[in-house]
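K.L.:
quick one, fold the following:
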Amino acid sequence: MNAYIITYDNRSPRDYTGVLTLMQRWGAVRLAQSVWLVSLANTPSAVRNAVQSTLEPTDVVAVLELPRTGGWATNNVDMAANNWLSTNVSPAIAA
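P.N.:
Just a heads-up that it's a prediction; the model follows:
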């Protein structure tokens, strides 16, 4: 499984139904408003294509693979996102 950050910019008309359904089906965890964390066996381009298929052709989509040993720090994010990062990337580094 690969760990990914998925982010998108849904332009007008804004319809989040498809992308939210996809994130739910994948078991993704929300990091920020339009930023999700997910573990999938797919390639980055396959993930991007699946997300793009739920949006308008002019919407922005980016998929970034997270290294399993990457460092990270958060502020004011949901505990589920912190837990996901600790499980799928690496434990948080205390500052």
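
K.L.:
in stretch 56-68, which residues are buried?
P.N.:
Buried residues in stretch 56-68, counted by 16 or more other CB atoms under 10 Å: 59, 61, 63, 66. Where C-beta positions appear, they are placed from N, C-alpha and C, glycine not excepted.

K.L.:
quick one: which of those residues is nearest residue 8?
P.N.:
Nearest to residue 8 among the buried residues of stretch 56-68, counting by CB to CB, is residue 61 at 4.8 Å.

K.L.:
go ahead and confirm that closest one touches residue 51.
P.N.:
Yes - counting by CB atoms under 8 Å, residue 51 is a contact partner of residue 61 at 5.0 Å.

K.L.:
related to what we said a few turns ago, now the buried residues of stretch 56-68 as CSV including distance to residue 24 and secondary structure?
P.N.:
Output for the buried residues of stretch 56-68, formatted as CSV (distance: CB to CB, whole Å; DSSP: H, G, I helix; E, B strand; the rest coil):
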residue, distance to residue 24, secondary structure
59, 19, coil
61, 17, strand
63, 17, strand
66, 20, strand
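
K.L.:
correct me if wrong, but residue 30 is in a helix.
P.N.:
No - Residue 30: not assigned to a helix; according to DSSP: H, G, I helix; E, B strand; the rest coil it is strand.

K.L.:
now it: how far from residue 5?
P.N.:
Computed as CB to CB, to the nearest Å, the residue 30 to residue 5 distance reads 11 Å.

K.L.:
likewise residue 42?
P.N.:
Counting by CB to CB, the gap from residue 42 to residue 5 is 14 Å.

K.L.:
try residue 52
P.N.:
Distance from residue 52 to residue 5, by CB to CB: 16 Å.

K.L.:
equivalent analysis for residue 78, please.
P.N.:
Taken as CB to CB, the span from residue 78 to residue 5 is 15 Å.

K.L.:
with that, I have no additional questions.
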